[in-house]
Structure formats: C-alpha cells, structure tokens
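> give me a model of this one.
(chains A, B, C, D, E and F)
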There are 6 protein chains.
Amino acid sequence: MFMHNKTLQYTVRVSEPNPVLASLLLEQFGGPDGELAAAMRYFTQGLAEEDPGRKDMLLDIATEELSHLEVIGSIVAMLNRGAKAELAEASMTEAELYMSLTAGGNSHTQSILYGGGPALTNSSGVPWTAAYVDSRGDPVVDLRSNIAAESRAKIVYERLINITDDPGIKDALGFLMTREVAHQKSFEKALYSIADNFPPGKLPGVKPYADMYVNASQGEGDAQGPWNTGEQWDRVDDLEQVLPADGGAGMPSVGLTDAQDATLAQFKQRLASKPDANPVTGADLGAGPGAGKTTDEDMGGAADIQEASAMAKAMAPAE
Amino acid sequence: MFMHNKTLQYTVRVSEPNPVLASLLLEQFGGPDGELAAAMRYFTQGLAEEDPGRKDMLLDIATEELSHLEVIGSIVAMLNRGAKAELAEASMTEAELYMSLTAGGNSHTQSILYGGGPALTNSSGVPWTAAYVDSRGDPVVDLRSNIAAESRAKIVYERLINITDDPGIKDALGFLMTREVAHQKSFEKALYSIADNFPPGKLPGVKPYADMYVNASQGEGDAQGPWNTGEQWDRVDDLEQVLPADGGAGMPSVGLTDAQDATLAQFKQRLASKPDANPVTGADLGAGPGAGKTTDEDMGGAADIQEASAMAKAMAPAE
Amino acid sequence: MFMHNKTLQYTVRVSEPNPVLASLLLEQFGGPDGELAAAMRYFTQGLAEEDPGRKDMLLDIATEELSHLEVIGSIVAMLNRGAKAELAEASMTEAELYMSLTAGGNSHTQSILYGGGPALTNSSGVPWTAAYVDSRGDPVVDLRSNIAAESRAKIVYERLINITDDPGIKDALGFLMTREVAHQKSFEKALYSIADNFPPGKLPGVKPYADMYVNASQGEGDAQGPWNTGEQWDRVDDLEQVLPADGGAGMPSVGLTDAQDATLAQFKQRLASKPDANPVTGADLGAGPGAGKTTDEDMGGAADIQEASAMAKAMAPAE
Amino acid sequence: MFMHNKTLQYTVRVSEPNPVLASLLLEQFGGPDGELAAAMRYFTQGLAEEDPGRKDMLLDIATEELSHLEVIGSIVAMLNRGAKAELAEASMTEAELYMSLTAGGNSHTQSILYGGGPALTNSSGVPWTAAYVDSRGDPVVDLRSNIAAESRAKIVYERLINITDDPGIKDALGFLMTREVAHQKSFEKALYSIADNFPPGKLPGVKPYADMYVNASQGEGDAQGPWNTGEQWDRVDDLEQVLPADGGAGMPSVGLTDAQDATLAQFKQRLASKPDANPVTGADLGAGPGAGKTTDEDMGGAADIQEASAMAKAMAPAE
Amino acid sequence: MFMHNKTLQYTVRVSEPNPVLASLLLEQFGGPDGELAAAMRYFTQGLAEEDPGRKDMLLDIATEELSHLEVIGSIVAMLNRGAKAELAEASMTEAELYMSLTAGGNSHTQSILYGGGPALTNSSGVPWTAAYVDSRGDPVVDLRSNIAAESRAKIVYERLINITDDPGIKDALGFLMTREVAHQKSFEKALYSIADNFPPGKLPGVKPYADMYVNASQGEGDAQGPWNTGEQWDRVDDLEQVLPADGGAGMPSVGLTDAQDATLAQFKQRLASKPDANPVTGADLGAGPGAGKTTDEDMGGAADIQEASAMAKAMAPAE
Amino acid sequence: MFMHNKTLQYTVRVSEPNPVLASLLLEQFGGPDGELAAAMRYFTQGLAEEDPGRKDMLLDIATEELSHLEVIGSIVAMLNRGAKAELAEASMTEAELYMSLTAGGNSHTQSILYGGGPALTNSSGVPWTAAYVDSRGDPVVDLRSNIAAESRAKIVYERLINITDDPGIKDALGFLMTREVAHQKSFEKALYSIADNFPPGKLPGVKPYADMYVNASQGEGDAQGPWNTGEQWDRVDDLEQVLPADGGAGMPSVGLTDAQDATLAQFKQRLASKPDANPVTGADLGAGPGAGKTTDEDMGGAADIQEASAMAKAMAPAE
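As a prediction, this is how the structure comes out:
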C-alpha cells in the first residue's frame, strides 16, 4: 500500500515562471526516460518478482521514483503558475497572451489543453505510453533494462541542467540526476548477485553462431575492435560464406496440402504479372506534354553535378 | 548504401501452415524487442556516431538485424501461406474460413487486414512504434540500452522456441536467438572499451545523494542485499530523515511578479472551495430510494469478510 | 513524498492460476479506466491545484489509486504465476505450452512478451497511454471528468465481477469497485463546493445559442425529452432556419494580400480540374474485359434484393 | 444516413492568414476535446443506445458536432490559405518560406506534411486517437462522460478565444463554445431522467468500503471538506487500521498444483539472488579512477546546500 | 540478406549546422511519408509476394529506400553535429544553450531526448508507427498504395527543397525526390502488368450500386464533373430515393432468443429515461445566481451579429 | 452543415447475435481502411480544396462514408445486442459469461470495456488513429491516396464477406464493398481531369535519376519486367557504379565553426573507444562456469545442421 506525505523529497524553489522551460522539463515527467516510466518499470517487475530481496529493492526504488515524479511535476507546475492564471483570468490582452504561448517549445499545448498543469507528455507533447516500459518478467533481463534506463535518465537530466541557470531548478535536477546514478548502482549489484546471469534464460546458444561476427557493413570505415576481433570472435568478412549460415538452400519453404497447393496456384495465376508487356499506365496518362518533366540541373543551383562532386570531395577530408 | 541478396541468412523450412503460430511469432517481427526495433536502434546510433570503430560495429549489426527481420518475416509468410490463398480465393465455405480465423492468437487481423503478409505489429496486433527505440546520442548510455535490448530479445526467442515443435522453425529461431547473444557480447566489449564509462555524461553526482539508499517500501518483506547494504551505501530507513533531502521547506515555490500574484489571487478566489458547506450533489440527486445501494455481503459469496480473512491467513503461509 | 508498505490494501486470494482471466483483468491495470489512469488523473491535477482542500483530496485519492493498482496487479501476477514458471522452465512439451498460450483473451502476449508480469496494457494488449488522462487545469472541469471516470471504473469492475467465480478475486474486485463509488462521492462534494460551477470558466455563453437545441437527426425515431423540450430550450426543427446561425453568408472567407491572391490564383489554375472532360483513367485501363465486373445478385444469396427488403420489413417490427 | 449542405452552421470570417494560430486551433479539430472526439463519442453511443429518446438526442448532438468540426476546420483552412499557396508555388525565397514555417506553434508540420489542410492532430501535432473516446455502453456512465467532455471543450474554447483578437474567429469560437454549454445541459437532463442513476450498474457497493475516506496523503496541508468529513464519511487517518481493509494477511497468494509448485521452486532457485555477496559489477568496472565521480557542490552554484535550504525556507511563506 | 557499404548512395554536403532545419527534415526520416515507411511498405509486401517479378522489384526498391533513409538521416546528423557536441560538453552558457534549443521547430526534443541523433519521428516529434504501413497482401491493392505513397513522398520532398537554400542539402533532396518519381513509375508498370486489375479482388460489385453517385452534399457549390456525370454514372440527387438503398425498412434488426429478448427488456426497463420529467440536474445545482451566465454580445466585439454578417457577405464574393 | 436521418442507407438485418464476428467487423468501423478513415480522409481534403468541382465531390463522398460508418456500426451493435444485455444484467452464471467472452477474436474487450457498443478500434482492439489519414493538401497526390484507400477498403470487405454466411450481413457488406468501387471510379475520374498530373508538384525531377532502376536486390530470383526494363529505364546492376550517384565522396560532411570543431574534438576524445583493448565486460563477469553456455546441437533436434540443410535443399524445389 502506498502512503504520501505532502512534503517533497526535495524542495522546489523556482525563481520565476517560464512556461517554455516547463515544456522542456516535461521530458522527465512524461517522456520515455522520465520518472513515470521509471516508477512503472520497477513497479510492474516488483509485483511479479519471486526473489524477496529483489522484490523489496524494486518496490523501494519504484516508490522513490514516484516521489521524483512529484518533484519534477512540481517544478513544472511552478514554472507554469503565472501563465496558468493569466490565461484563465484573461488578465492580459489577446495579443499578449498569444505571444506568451508562442515563445517556443510546446508551451502552447501546455496552456491551451492542459491549463498549466503538468502533462504526462514528453517535451514535444507526445503522450506517455506504456510502450516505454520494457519489463519482461526475467530478472537478468529486466535488471539490464533497468541499468540502461537509469543511465538514459542520468544523461537527460544532465542536458536539462545544462540549459537552465535557475539555481533552485538546477539543484533539484542535480538531486534527481544523482539518484539515478545511485539506482543504477543498486541494479548493477542485484544483477551480479545472480550467478550465471549471461546469457539470459535457460537455452544455450548454438555454438557455431555464438562467436560469429558478421561484417555486414563494409567499405571505407571498416574497423576492428574487441567487439569483432580476438579469440572470442570468428569474424566473417566474406558474407557469401555465411549465406545461408546453415548451409541450406537459403529460400523459404512450407509444406502445403494438395488442396492448399491448388488454391495457391489459382491465386498466383489470377494475380500473375506479365513481364513481357509494356502496358500504358496511369502515370503515362497523367504525364503532360512534358512527359514526366525533368531537368538536367541539380536542385542546389550548382553549375553541374560533377562540379558539386568535386567540391564535396575537397570538403570531406576536412571532416 | 544497402544491398540485398535474396538468399536468406538462414534457411526457413516450415513443416506446415499455422496462422496462429504466425501471429505469435510477430512478436519478434514488429514487437518491442523484435528485429525492426533492433535494426533501427543501432542504425540511428550509427548515423550519428563519431567514433569510427563503434560506427562500423553499429552499422554491421544494424545490417544483420535487417537480415534477421527478413528471416522471421519469411517464417511468418510461410505459416500464413495456406490461409492467405484460401481466404483470397474463398476456396472453403464461409463457416470454414470463419473457424480458421478465430482459432486463437491474433490471426484474425493478420488475415482480414494484412492478407497474410507479415505485419509490423506485436503478437497482440499493436503496431510497431519508434517509442521502442531508445537511442539517446551518448555511447555509454546507448550501449547499455543495446545490451539490455539484446538480452530482452534473447529471452523472447527462447519463449517462442519453447512453444513450437516444428524443427525447421526451432532451428531458425535458435540461430536468431544465438545471434542476439553474440551481439550482446559485442556491445559489452564496446562499452568497456570506453574509459570511465560510469556514471554517464560529464556532470558528477552530488555526493550526499550518490550513496543514499532510500528504503521507501517497508513492512513485511523488507530485505537486505548488496544493492542497499555495505560500504557503498548509506541506507535511510527513517524516511522523515530525508524529507526533504535538502533540509529545506519541502514545499514548491515560485517568484511571481506582483501582477501575477494578483491574477493568481483572483483565480484562487473564483475557484475556491467552501470546506464547511455540505452541498447537495449530482450523486445525491441521482441516488434512488436505495440511496447509493450497498450490501453487507462481500462479492465472493463467502459467509462474511472476517471468515474470508481467516481463510486467507491460513492459505498464505503455504505460499 | 510517497512511501510504501508491502502489505496490500486488500488481501489477494486467488484459487488457481488462469492466464486468460489475467489478461481480461488487465483492463483495470493498464486500460483506459484502470487504476493507473485514475492515479495519474488525480495526481497531475493535485500538483497544480491552488485550493488547499482540493489539493489534499486529490493527493489522498491519487495515492489510494496507486494502492489499487498494486492490488489488481497482484491478482494478475498470481493468475499468471503458474504459467510464468512453466514457460520459463519449459516444464511441459512444446505442444502443451502452445495450447496454454492460445486458450483465449490476450494471454499469449502476456506470456511471450511480458513473461507473466502484469503489463500496462488493456485487455486487448493496447499499451496504456496518457491520452487517457483528461486533466485540464480547471477544477470545475476536472472534477466532472473525475466523476465520469469513477463511474466508468465502477461499471468495468462490475463486468469483471460478473465473469469470475473465484471468491477471492470477486471479493477484491468488489472492494475496488466500491472504492470507486466512494471516490465519485468525494468528487461530487468537491464540485458542488465551488460556487457557480456551471458553465465552467469565466466567459459567458452567447445568449441566442445557449438555449438552442438543434434537431439535427430527424425521421423515424425523432423524440422529445427534457433535454430538448421545455422552457430552457428553443428547439430548431427546420435546420435551414439556423443555416448559418449567425445570419451571414455561411461560407468561409479570409483576407489575403494581393500577392497571396495572385499566388493562390496560380495554384488554382495549375491544379484546376476540367469538369467537361471524360478522361480515360487508370481504372478504365485496369478493368478487364468484364469492364469492372458486377453482378445482379446480392451477396447474401437471397433470390433478389426486393425479396430481401420485404423480409427485412417483416422482421423489423418485431425488434 | 447523413446529408450535408455546404453552408456552414456559422459563417467563418478570418481577417488575415496566420498559420501559427491555425496550429493552435487544431486543438479543437483533432485534439482530445475537439469536435471529432465529441462527434464520435455521441455517435458510437447512439448506435447502441436502446432508449429511443436518448438515441435521438445522441444522434442529434453527434450530427451537430460534425458541423462544428466543419466550422473549426474551415477556420484552420482559411488561416493556412496564404501559406499553402506560397509554399506550393514557391512564390517566395527559401529563406522567407523557412522563416514563415518556424514562427511558432506546430505550423511547420502543417505546411510540410499536411500542405495547409486541416489535420486531425492536436496543437502539438499528435494524431487524433480513439483512445479519447470513452463510450462504455452504459447510459448513466456515458452521460457523465459526456457532461465532463462538454465542460472540457468549453474551457478549451475559452482559452482559444482569449488568445485571438480576430473578431470573426472570436465570434465563431464563441458560437462553438456556447453550443458546448447547451449540449452539457442536454446531457445533464438526460442523466437525471434516469431514476436511480447512482451508483452506476446493478451491483451494490460493499457497505464497509462505501463510506470510507482514506486519508492517504498526510503531513502539512492535510485538510477537511465535505468530501471527507460529515455523516456520509468514515474517515481513516491511521492507515495501519485499513491495512489490509479486509482484515486478512495482506499478501497475495494463489493455489498452485504440485507440479506448478515444483516448477516455480526450480524457477526461483535458478534466479535466486545471493544477498550476502558483494559482487563486482559492470558499473564498478566502468567507473574510472574518479570511481563514480561526485561533487560536494550542488548544481545551482549556491555556496552550499544548507544555505540554499535557508533561502528556500525564507521564500516559501511568501508563496 | 542485407549488406551495407558505408559509402552513401548520394554524397551529403551540409554547409553549416542548423538543428531547426534538422527537425523539419525528420519528416522524411521518421514521418508517415518518410523513407522508413517506404522501405517497410515494400519489404513486408515483398516477403509475402508470390509473383517472382514483383517480389524482386519490391525487394529492389525496399533496399534502395533503406539507402535513402541513410542519406536523409545523415543530413540530419550533420545538421545537428554542432549542437550535439555543444550540449554534451556544455561548451556554452546555460542561457546560450537554452536559446539554441528554443529557436523553432522541434529541435528541443532532438537535443534533450535524442542527443542530436536522427530520431524516427516526424517534424512534430511524433514517433514513427507501423500504422503508416498500408500493405494488405493483395498486389493490385498494394501497388495502388505504393503509387500513392511515392506521390506523397515526392510532394513532401518538394516542400522541403523549397525551404532550404543550402546547395548540398538541396541536391541530396532533389536526388531523393527524383527517385520517388522513378519508383512511382515502376509501381505503375507493375500494376498495369496485371490483367483485370480493377476492381481489386474476386468478388464482383452489386450492379445497382456500382454506378450510383450519391450527391450527399448539396446547396451552394453543388457541381458536376466526370466523377458524377456521364454514362458511367447514375446520379442520385434526391437522397430520399436511396434511403435505404435496398428498399427495406432502413432500421437495424437482429434475431434474439427469447431469453435474450427478456434480458434486453430488463436492461431497457432499468435504464429507461422518463421523457416527461424535467429533473433538476447537476448543472442546475451548479449554475450560480447568474443561472448559467450568458451575454447578448458576440465574442468579437462587433456591434452586433447582424452587422458582422453583413460584413461577411460583402467580404465573401471577393473570395 | 451535416444533417441526419435515422433511416440507414442500407437496411441491417442480422440473423443472430455473434460478438466474435462483431469484433472482426470492427476492422471496417475503426480500422485503418474503415469508414471513419475514409470519411476523415475526404472531409479534411474537402475543407481545404480550392477547385469547386473536387470540393463538392470530396464532401459528397465524405458524407456518404459517414453513412457507411453508421451501417457497419449498426451491424456491430446488433451482433453484440444479446451479449450486451446478458453481461449488464448478469443473466447467466459467471462461467457462462466467461465462456461467452473468450470465444475468439477480441470480443472480450468489446464486452468488458465498451459494453457492447461499437468501438473505434480495428479487429485487434487497436484504437483508430489519425495516422491512418494521409491527406497531404495536393490534389494529384491526395486523389492517388484516395484511389488506393478505396481499393484497400474493397478487399477488406471482400474478406469479411467470405467469412460470414449470415445473408443480411453479406448483403449489407456487399453494398458497402460496391460503393468503394464506385468511389474509386470517381476519384480516378477526378485525378485524370487534372492536366499534367504526373509527377506531382511543380519541381521537375533531376534527369539522370528519373529513369534509373537500381537493382539493389540480387541473387537467385533476379527478374525483369516493364518496371525495370525497356526504353524508359536505365537499369543499374553493378551497384558500385552508382555509389554515390553524384560521383562525389559518398561521405557526409558539414561545415563547422572553429569553436564547434574544438568542442566536437573534445566530445570525441572523451568518448573514444580503445580498439586495441580487450576489456573484461559485464557479460564476462556474468557468464557462469559454463562461460556463456552453448550447445553443438541445433534447436530442432535434427541430428546435425548439415543434415537439416540437405533436407531443406530437397524440400525447396517442391515449393
């Protein structure tokens, strides 16, 4: 059971209203790496967890993330507090209110639709979706997802800290950011407390495919590193060699019944293309006298394509 | 630039059609841990990556995931191949076709809407969304997300292998599952090839909050483990102690202008509640003579609530 | 700040596992009228609320809804507990596991993707979205939304109670259902504690349009009731009379600059249709010798359309 | 059957084009409280309604909302009419067109993607979703949802009226806003024409839980009002008293078969954590010489955290 | 199987960074007509295609669209390259970074959430969804969808070309735009290579309804053209004539069992409205002394509504 | 302005209730090719259309599609009519109601959430989204999208007709299917009434790229047809030849300022990978004594992979 104390986990001190900044901070309220996503990720895992220790940890952290949701939501509410009343009371002229809503970010939707309340959207106004929650019901998998999620949340908080100079907001964001670091540490400890946590699950990998590195992207920029080189790896550069990897025909097949075969033959026949035809098409009909107008000039206005290419080649090394 | 060879990376041999199984396998075609999500996660990272080695690796693996998307999609296409033609050609009676579509899973939508083609949905028919792609533009963050994603994909493949006894499908899924293990290994190597990869970003954490563990969920089941105990941790059991963590007032505040203060006062006044009133409400009007009917019986038909509780207490220890 | 006690607000006693029922119960975990939607509706309102009494009430009820989310999620976890382990451990044959996953509802996705954990989806597997949260930042509006939401949640719980005979589940759902009734009562009291709460906002309606009832759907079945008849209403049956309601031209217009007028003229000219032409079209090209095949028979196999109509007329009165 | 007259229900007179304002007005075209949501809410209810009077009313109002959709869409079309032609004809320089698209709101997407046509999105460009439609097939529930929806629509129109000084747009929005008030009145009459409309459904509430008010949020700001005080309420301040409310064990349980018990035991064993270990983790490996860098300074640059707290305390009372 | 060469299909030469322009270009990366939608549309069709020629074509073009996704994504990455590093390194003051993020478009979310990497969203930040992919498993249908999709992509590229004067970007967009034209041509040829491609499917239309044109929108602006006039059409102006088109009762009916009839009667009775009552409603309770305040003035401040109408009439002809 | 007559455009005669069939038919109510999508596609185009003839046609057809939405929704309502009352009145035992809800399709959500009313979802329960509406504000583009949409709707209706033998439903679906054919004909006529309708827009294609066919998918199955062969085509088989197509460097570049260059260098340096290291990773830590367990056996239980390949090769020719 949840209980609540109206004291925040961290005091929210906002210097002055700023609905545009509020709309940016929504990223951590209703965005994919925001506090609701964090709370729901751990809460759904905690409910089904069988290990008592991990269950306790997941519920501890889920609960704290809800408190963080409250902190970030309170900052947003404070930043919108002036604009909320001004629009509701129409205390300014239409032109002034219009200007205040179109100053950047997605503050317009915050004011018009949400009336200045913190909305469960990201900074572009996209509603939060449980598609962000990647709980999968296996602890060695879920803990890795949690570790990744905490590191994502850390970097997003860092970016938000970098764009505001309001000291009270910076402090609160710094607290929230640091807590993500602490939570990542907890999840790391929990993962490595499970013996034999890699690879996940029970089924072993199939040996010939477990150490294979497929060099699928080749050409300029092909590189080596510990991710594809060394004794753990059997690197495949000649892709034909692994095509198909099982040495079979490489084509899909299915065993149909005779009736199905006959029906499929009818289907194919009815919809067969005539490769030798050159039919008049709708586009042929629709192309005017210019017959599908084209130009020899490129769009950029450069004298010609070869010249542009030469420029590009000269430019690229500097990159 | 991408190129394609119509030979599959792994031969697809399906014993017999099964649209229901096809709808389950869609989980790895258009689901959150499926191959499109994998390919797009690494591809979007690769395009913006500055480190040549990682860029090459990301494009290698993104490309291979597209080949996996083709393998899993080809299995789905084979499993649907009979049903596709039967419905299109109406080669069976309406009743037979109706039965074939309502045999389980979400095969009905596959047939009616997608005509038997592999659809970019999960196994419940939910369309794939880029909300599944958690690329954040920082390699130590993104690599952790990739590691987690590969482990999620591994476990989902394992579950699918566990529910089919078609040897050809099992083989292909085993190949795909094993490749996820190999990819996780690559991403791990790449992460640990970056010095000082924890915590992510440049901003350091705030010391008093970095080692704090907040025991926010208490009561029966409270537990200890390396995630909250030991020298890395300063565990807080008395939550009042960290309320608020900064030692401040714990209430949100914002500095408004005088005009904003006045407008806000007007807003509050206009919408104030009268706590001492006890108004007649719509529900009061709507409650019939039974006045908001209630019953003393519980829903389950047990004799009374106390008895049920007793039963529950007897049952729980066995759990 | 939130705190948590691992004791549930209501004991969850499940007689036996049933993943299909679990997938139906998800409606109140991650569905539009489920507990997360309730909690987030009141929580987002509470954060921005200016009236101390309402703020306290909103946070009280938001917190309790989180506890309900825990109860319903725990029921789901218990119902899935057997299936979760069976699939993870592959303790049954593939055929048995396949059968257990395709027994109805959306239990297949619960097992394959979520591994038996409670997922924030509705009973069709649709992920929860903040589009369900209709908080608008004005209390007389939001309280009406809350009243409606509680009544929706009540009826969905009632339906779920009607389909299960597990006494422990029935009891817990009965508790949750009753709490929605209590919450509706609170929100009603809070709404009517605000003087002058209808219509919402400050702007008055425009008199000629405030009492007008537009009888826009006519013909058989046209009816009267207090919603369109009586002294509060000025009912319009002859729709031409209100076309347009302002007595103007009824056409849209905009004042363009001369340059815009000229550009628009060019746009119109370029894309003008030739109403007098009868061009050959792609469909004309594509229609085979049957020239857009049609049949005189109706689809139902009835002898003819007139006969079917006669049947329909005979059937309808019985309706 | 629907019919249409090209005369608008209200004349649309737009003074001058303004794509930014157009993008804001989309809130009532394709937003959650917009006219499509209203029309579809009542239309879907009307189709399944059994009561002839309500069915007629629902279809009357659904039809009128479609006419409103046409009015608001026509305003948007007029506001975009200049920009539409300018971009299509490229009648200005690239720089001018670029500037015209990035002047605020979401007008950029309106121009680039929708070509100036009214798009079924909200003011942030989020596509309309049927998740906004909360029809539930029970009239005492649906009418409450309709009342709430009309009140939401009223307040959003009021906000839009407050931000534009174009008299023709103001007039049209005033008409639309007033019609929402009239519709709310109709739905109220219809709700209270049903005897015994509270609580919804047939199942009575369970008595001990129907009058209970759970004071789940405590601390500074705890308040009383008719929503939690008075003879209708049994207020619980000591939460332990209701933990669990049924007097049971407060823990979830399920009756598993012996085979399931054994499988679950195997599952638990395989994934058990070792609480006494203190394993080296990935984060330990990744933390550089700075060992998980932290700082004693807060982010805001204030001298120290205690000082900031003191400031916060001084500031808060002014709030 | 897919392979990749790190050389782009078209060289990307960006003159200078511009995150706002980057956010606009996302329309063709992760928008509904963007390159991912194109690639996935053709790829999903190709996997299930039975005709060898069309299968080859679909895979050719799907593969090329992936290469285009790479080109447009690389432009976005280049445009964001400066901002990415500046925010990550915090190389500017908070105020400067804040300004750089709020300069227009949706560049704020690109920077905060995606860290400057190309995101699979449209230009409003809406995540890509497979709802954009309209593959239906029938070639004469799918090819028409492909033709339409290519024409949509062409016009969106044209709009983007019109708003940028960076010659390198213009060139690359011109290449991509032209390829859409070429692809449309291919799909047209493939469509018309199928004999008897209209109407799609096997079932013929019902003759009386195949040539009927229902003039459902009447009044000022009613027009004629080859789409409703001529020998292919049987135009219905008097809508009553086709109401219902089958000559039946025009009312819905269903054959219920006696038990169902009885249950339905009970349902109707329980929820019947009392059309003759005029109940006091919640709105009646809530309307203050102003009794549902209205005004005789219109919103626009014009002297009166008649005057405004007169103005509108004078204005409209100029339209 | 819209008006409505309660007589349906086509009489709905349903033989007996069938909630499963109802859930399948939702595909054309709230699915991507359903009637709401059609109505909204044409309605949004009509509002912004400048050509009087096309505007009239678009509004005619949009209005008729709304009437079709009513017909299909009425069928769904009739099919659900028995189940609706049975669940609401609890006229059967829990077990009977449970069975009735889990008989297939997505009828469970229809009953539990929507109470038997027609829901704006597809046949998998996915809520309708305006992402289905592809109006782009250019008539030669939009008309092609409309043609494609009508052909998609035709084939989906055909599939639904094939799975039901209720004559009344078959008739009504046959009517609706045929009207899609008629609408496609209208849109074709309208498209070809615009001179010079291909390619869309004003900008000509760039000549060297307009006729190029890129044979991007090669290997077994490479084919020729009028889509890649003939005088309209310049087919590229050697992909290196077009890499990059502009003859440039094929690498992305951007002109950064010196300050940006320096910041970027710092960013690269901080996050550089060490390609020569072979770091111990989290996976290395987590791999148990089995060291990342693998097996030499394939999943399918075939004796070995070579044998399976041989089988596949033997099987494939039969395909």
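> tell me where the stretch 101-250 of chain A has strands.
A:205-206, A:212-214, A:217-218, A:234-236 (DSSP state E, counting those that start in this stretch).
> now do the same contact list for the closest residue to A:Leu113 other than its chain neighbours.
Spatially, and ignoring its direct neighbours in sequence, A:Leu113 is nearest to D:Glu27 (5.8 Å; C-beta to C-beta, 6 or more residues apart in numbering or on different chains). Bear in mind the C-beta positions are built from the backbone N, C-alpha and C, glycine included. If you count contacts by C-beta atoms under 8 Å, 6 or more residues apart in numbering or on different chains, D:Glu27 has them with A:Thr109, A:Ile112, A:Leu113, D:Asp33, D:Gly34, D:Asn122, D:Ser123, D:Val156, D:Leu160.
> now the residue nearest to A:Pro244 when sequence neighbours are not counted. Its backbone dihedrals?
Once flanking residues are discounted, A:Pro244 sits nearest to A:Gly250: 3.9 Å by C-beta to C-beta, 6+ apart. Main-chain torsions, A:Gly250, degrees, to the nearest 10: phi 80, psi 10.
> so what's A:Gly250 up against?
A:Gly250 neighbours (C-beta under 8 Å, 6+ apart): A:Leu243, A:Pro244, B:Thr7, B:Leu8, B:Thr11, F:Glu220.
> could I get the residues you listed as a markdown table with pLDDT, distance to A:Leu285 and neighbour count?
Putting the contacts of A:Gly250 into a markdown table (pLDDT from 0 to 100; distance: C-beta to C-beta, whole Å; neighbours: other C-beta atoms under 10 Å in any protein chain shown) gives the following:
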| residue | pLDDT | distance to A:Leu285 | neighbour count |
| --- | --- | --- | --- |
| A:Leu243 | 84 | 42 | 19 |
| A:Pro244 | 94 | 44 | 22 |
| B:Thr7 | 96 | 39 | 19 |
| B:Leu8 | 97 | 39 | 24 |
| B:Thr11 | 97 | 44 | 29 |
| F:Glu220 | 91 | 36 | 10 |
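> just the closest of those residues to A:Trp227, please.
Ranked by distance to A:Trp227 (C-beta to C-beta), those are led by A:Leu243 at 22.1 Å.
> nearest to chain C, of the contacts of A:Gly250?
Closest to chain C out of the contacts of A:Gly250 is B:Thr11 (20.7 Å), distances taken as C-beta to the nearest C-beta.
> what's the nearest residue to that closest one if we skip its chain neighbours?
Closest to B:Thr11 by C-beta to C-beta, 6+ apart is A:Gly248, at 3.3 Å.
> over to A:Ala190?
Nearest one to A:Ala190, counting by C-beta to C-beta, 6+ apart, is B:Trp227 at 4.7 Å.
> verify the stated contact: the one you found with A:Ile194.
No: if you go by C-beta atoms under 8 Å, B:Trp227 and A:Ile194 don't touch, sitting 11.7 Å apart.
> the closest residue to A:Gly168 other than its chain neighbours and A:Val76: what is the separation?
Distances taken as C-beta to C-beta, 6+ apart place A:Arg13 nearest to A:Gly168, at 3.1 Å, with adjacent residues excluded. Distance of A:Arg13 to A:Val76, given as C-beta to C-beta, to the nearest Å: 14 Å.
> chain C contacts on the stretch 151-300 of chain A?
Applying C-beta under 8 Å from any C-beta of the partner chain, we find that the stretch 151-300 of chain A lies next to chain C at A:Gly201, A:Lys202, A:Pro279, A:Val280, A:Thr281, A:Gly282, A:Leu285.
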